[in-house]
Structure formats: structure tokens, C-alpha cells
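> Mind folding the following:
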Amino acid sequence: MFESLTERLSGAMRKISGKATLTENNIEEALREVRRALLEADVALSVVKDFTDRVKLRAVGQEVSQSLSPGQAFIKIVKAELEAVMGAANEQLNLNAQPPAVVLMAGLQGAGKTTTVAKLARWLKESQKKSVMVVSADVYRPAAIAQLQTLALDVGVKFFASDISQKPADIVQAALKEARIAFVDVLLVDTAGRLAVDQEMMAEISELHKLLNPIETLFVVDAMTGQDAANTARAFNEALPLTGVVLTKADGDARGGAALSVRHITGKPIKFIGMGEKTDALEPFYPDRIASRILGMGDLLSLIEDAERKVDKAKAEKLAGKIQKGKGFDLEDFREQLQQMKNMGGMASILDKMPGMGMLPPGAAAKVDDSQFRRMEAIINSMTPRERQNPDALNGSRKRRICVGSGTQIQDLNRLLKQHKQMQKMMKKMKSGALANMMRGLGGMRGPGGFPGAGGPPRF
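Residues are numbered from 1 along each chain as shown. Below you'll find the predicted structure:
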């Protein structure tokens, strides 16, 4: 996400960071690069103009701290204004209503509403400890109701059955009644995709809104539509009293125009951002963290939260104990580490949140490919348990069998074995306890005050 924007902005920041003083000329030169980067990222022109005007006003006005170099001060101003464009802070879902709190989901066809309903249901259940019921009022799209039923079963929330022969108004009223009887905390209502120009469909969703009186009305929009996402959200906001926006498919958007335009154009906060297809790939939208990622500063807090939520703590502890006892690091352990990384969204997702990404050569981040890790896992899966525990026993015939089974080449297998050897050496050096701290860090990476390892040796 934001790869191209990060590259361009990082280049502009590098140019000005070496300046001895901030002058109107070098500020204007840097802002030209920033303006071009934002426009190429499909950020709305009005947003770009307002953003650059505000940065220039603050930078030329010598808002420079004594402890910062002029270049650092400029970067600080740019980061602060990026946060301001996207919203000063994360705006949480408002569920302060007599149960059930009703959340109505609206959006265009193909924006990913049904999947987002399931993701939000899972987030509410796991992060907020809420009981959730979902219902589909989409009687127009074939299999929409069945899709939501399957997803509800997958994430473990209640599903209210509906039928395409029913009217959407009758469906939502019956669902609301059932949610009250079942003492459900939150009722999520999936609606049919519609166009802002479709007056009949817009009238239908307005009627649903009046019937339900939802505490939250979220507009689900595809981030890959760029600034059009903001314009569509504004059109919907004129027909519905929206309370927030959910950006979907952000993992496939290298530009970031939607994230930087929606709040400014609609006045509505981005509350969640979808970062993948799986039901756990929904994150609360934190403008400060996104601004850091855009500027290549990373997002360690989100990385830590990902690890806390998705890494198997028991396996991390078990491996740490095994290494400490000097039992070695076999290919079974290697496979588990690959799976843990996959659970966190893969290497690209992890690198996106690591500080210093802005210092990589242009295009380097975009070349990160998780396929090599999938290939490694396939090779290990093709081995017998004994071979995983003792890879030194692999002879020519065994290697050929493994390669045929995994659909790979001998070179791939040899490369894997070489990398495993290197990891084994590293594990032996870290046997003293640093490794145990590192592995346990995967299970509890938040130190006092919310920072990794604060108050003690680094545990990340």
C-alpha cells in the first residue's frame, strides 16, 4: 500500500533533509515534488492544493524546533498535515445505544460490502467482545444471502436468514426484532450495491435507514478507485447521513489517493481499512500510523498488534525453549516460522510497517514477493517428518522425490537448505537467552507505556 507515493515523497524529503536552512525557494522546490507525488497518487486536486498551502504556510513561518534540523522540521510538518488531511485520530465505532446497536452498510456494487460485514463482525466479536448478528437485505445479487451465511459461519456469528422473495424493508424489521429477542449487542445490515445516480435504489436504502435508525451508517468503498472513491462517498452522503467510511482493497492500491481524499471531501472519518481478502484483514484506521507509513517511517505499533493477534504464542514459547535447551532448529521449526509470517500478511505486509522503508532504493519494496516463501513451505511439506528433523540425511534420490512432490527445482531445495543452515548458526549464537526474549516478544511485544521492550532489553 502507498508504495509509489512513499517512493516519491521519500525522494522529496531526502532532498530537503540535507539543507542547512529552510528557505522559501527550497521549500517551494520540495513542495513541487510533493504536489506531483500526490497528484500521481490520484489525490483530489482540491486536497493537494489545500495540503501544500498549509505545509508552505507552516514551513515558511519557521515552525522549527531547536532540537530538529530544518529538514527534520519540514518532514514533521508534512507528517502532521498528512494526519490532519486524513483525520486527527482514529474515530472509533460508536456502539453507545440500547442493544442491538445497528450498523448499516452502504456502497457501490463490487466494493466488497458483504466481505466487509464479515470482517467487521469478526473484529467486533474478537476485539470488542460483542455478540453479533448479520443480515443481508440484498435481494438483487444472486447468491449474496448465501455468501453472507457462509461468511457468518466462518467467523462464528449469528446469521438471520432472508430470502430474495422478501422486501428489504421486511427483512431488516424482522432481523431487528430477532436481534432484540436474542439479546444481541450489534446488528450488522448488509445492503445491495447501488449507484448514486440510481434514484430508486437510493430511495430504498433511505427507507431502510428510517426504519432501522442505525447508530452507524458506514460507506464501504474500494480504495483502488482513487479520488473517485471520495466523490462517490460525497454523493452517498447527500442521500444518507453517513457516519464513517470503510476503505476496502487497500492492499492492492499502491497510490493511496482515496485514503488522502475521502475525509477532506466528505467530512466523514475513515473508520476502518481492509488490507486483504481474509476475514481478519480489517484494521481500525489510524491517520498518524498511515502518515508514518506513507513517509517510509514504518508503523511498529500496528506490526506489534498484528503479532499479538496473529502469532501463535504457544509455538513461539515452545521454539524459544527448544533452542535454549540446545535441541537445534530443524526444518519443522523453519516451516512454522514461515507460517507465522504468512499469518501476519506475508513479508510485504511486514516490510510495509517497518521503519526505514523510505531509505530503500526506488522500486525495492514493490519487488518483495512472497512466492519464494510459499515455495519453501511446499518443499518442506514434501519431506517426511524424519527428513525435516534431519535434513543432513537428504541424498540425491530423496531430493529428486521432494522436488517432484513440491513442483520445484533442485536449486530451490539446495537454496532452502543453505538458508536453513544459516538460520541454525544464528540460533546457536543466540542460545544464551536473547533468542528466548525475541521469540517471547512475538507473544507479548508491548512493553510498559505501549512500546516494544520499553523498560528493558529489546524483545522484538
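> gap between Leu242 and Met86?
Computed as CB to CB, to the nearest Å, the Leu242 to Met86 distance reads 16 Å. Where you see a C-beta, it was placed from the backbone N, CA and C, and this is true even at glycine.
> Please apply the same query to Lys271.
For Lys271 relative to Met86 (CB to CB), the value is 12 Å.
> Check the contact lists of the two and give me the overlap.
Jointly contacting Lys271 and Met86 under the rule CB atoms under 8 Å, 6 or more residues apart in numbering are Phe285.
> Quick one: mean pLDDT over the strand or helix carrying Arg263.
Using DSSP states H and E, Arg263 maps to helix 257-266. Helix 257-266 comes out with an average pLDDT of 77.
> How far does that helix sit from its chain's centre?
17 Å (CA atoms, centre = their mean, to the nearest Å).
> helices or strands up against that helix?
helix 45-60, helix 70-86, strand 216-222, helix 227-239, strand 244-248, strand 270-274 (3 or more CB pairs under 8 Å, 6 or more residues apart in numbering; DSSP states H and E).
> and the angle from that helix to helix 70-86?
Angle of helix 257-266 versus helix 70-86, following axes from the mean of the first three to the mean of the last three CA atoms, to 10 degrees, is 60 degrees.
> could you dump helix 257-266 to CSV, C-alpha only?
Extracted in CSV, the C-alpha atoms of helix 257-266 (Å, rounded to 0.1, in the frame of the first residue of the first chain):
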residue,chain,number,x,y,z
GLY,A,257,-5.5,8.7,-3.3
ALA,A,258,-8.7,7.5,-1.7
ALA,A,259,-7.2,7.5,1.8
LEU,A,260,-6.0,11.1,1.4
SER,A,261,-9.1,12.4,-0.2
VAL,A,262,-12.2,10.9,1.5
ARG,A,263,-12.0,12.8,4.8
HIS,A,264,-11.3,16.1,3.2
ILE,A,265,-14.0,15.9,0.6
THR,A,266,-16.8,14.2,2.6
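> relative to strand 244-248, how tilted is it?
Using the same axes, to 10 degrees: helix 257-266 against strand 244-248 is 160 degrees.
> quick one: contacts of helix 257-266?
2, 38, 41-44, 46-47, 50, 82, 85-87, 221-227, 229-231, 233-234, 237, 242, 245, 247, 250, 268-270, 273, 290.
> Just the buried residues out of the residues you listed, in ChimeraX syntax.
Buried subset of those, written as a ChimeraX selection, criterion 16 or more other CB atoms under 10 Å:
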select :2,38,41,42,43,44,47,82,85,86,87,221,222,223,224,225,226,227,229,230,231,233,234,237,242,245,247,250,268,269,270,273,290
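> And the helix or strand where Leu38 lies, what's buried?
Using DSSP H and E, Leu38 maps to helix 24-40. Using 16+ other CB under 10 Å as the test for burial, helix 24-40 gives Asn26, Ile27, Ala30, Leu31, Glu33, Val34, Arg35, Ala37, Leu38.
> From these, which shows the smallest pLDDT?
Comparing the buried residues of helix 24-40 by pLDDT, Asn26 comes last, at 77.
> from what I can see it touches Ile16, true?
Yes: using CB atoms under 8 Å, Asn26 is in contact with Ile16, at 6.0 Å.
> how big is the angle separating the helix holding Arg263 from strand 270-274?
160 degrees.
> bridging residues for the nearest residue to Phe236 once chain neighbours are set aside?
With CB to CB, 6 or more residues apart in numbering as the criterion, Phe236 has its nearest non-adjacent residue at 5.4 Å, and that residue is Phe219. For Phe219, the beta-bridge partners under DSSP bridges are Ala106, Val245.
> Could you pull up the residues touching Phe219?
Phe219 sits in contact with Ala106, Gly107, Ala233, Phe236, Asn237, Leu240, Leu242, Gly244, Val245, Val246, Lys268, where contact means CB under 8 Å, 6+ apart.
> Count the neighbours of Asn90 for me.
17 (other CB atoms under 10 Å).
> That one in helix, strand or coil?
coil (DSSP: H, G, I helix; E, B strand; the rest coil).
> Once you drop chain neighbours, what's closest to it?
Tyr286 (4.7 Å).
> Now do that neighbour against His420, distance only.
37 Å.
> With Val43 instead?
45 Å.
> And for Ser397?
Taking CB to CB, one finds Ser397 at 20 Å from His420.
> Give me the more crowded residue out of these two.
Taking neighbours as other CB under 10 Å, Ser397 and His420 compare with His420 leading, 18 against 8.
> what's the stretch of helix or strand the more buried one belongs to packed up against?
Using DSSP H and E, His420 maps to helix 410-429. If contacts are counted by 3+ CB pairs under 8 Å, 6+ apart, helix 410-429 sits against helix 331-343, helix 371-381, helix 396-406.
> what would those helices look like in TSV with mean pLDDT?
What follows is the helices and strands packed on helix 410-429, written out as TSV (pLDDT from 0 to 100):
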stretch	mean pLDDT
helix 331-343	77
helix 371-381	84
helix 396-406	89
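> Ignoring the adjacent residues along the chain, who's closest to Val189?
Leu104 (5.0 Å).
> quick one: stretch 264-281 to chain centroid distance?
9 Å.
> hang on, the earlier thing: per-residue confidence for the residue nearest to Phe236?
89.
> Quick check: it vs Val404, distance?
On the measure of CB to CB, Phe219 and Val404 end up 51 Å apart.
> repeat for Met201
54 Å.
> same deal with Ile27?
Counting by CB to CB - Ile27 and Val404 are separated by 62 Å.
> go on, His209?
59 Å.
> Ok, Ile205 next?
In terms of CB to CB, Ile205 sits 55 Å off from Val404.
> Next: Ser292.
With CB to CB as the criterion, Ser292 and Val404 are 46 Å apart.
> The two: which has the busier surroundings?
Ser292 (22 against 10).
> which stretch of helix or strand covers the more buried one?
Going by DSSP H and E, Ser292 is part of helix 287-294.
> could you give the angle of that helix to helix 70-86?
Computed by the same axes, to 10 degrees, the angle between helix 287-294 and helix 70-86 is 130 degrees.
> what's helix 287-294 packed up against?
helix 3-17, helix 70-86.
> what's the angle between the longest one and helix 24-40?
In terms of direction (the same axes, to 10 degrees), helix 70-86 departs from helix 24-40 by 40 degrees.
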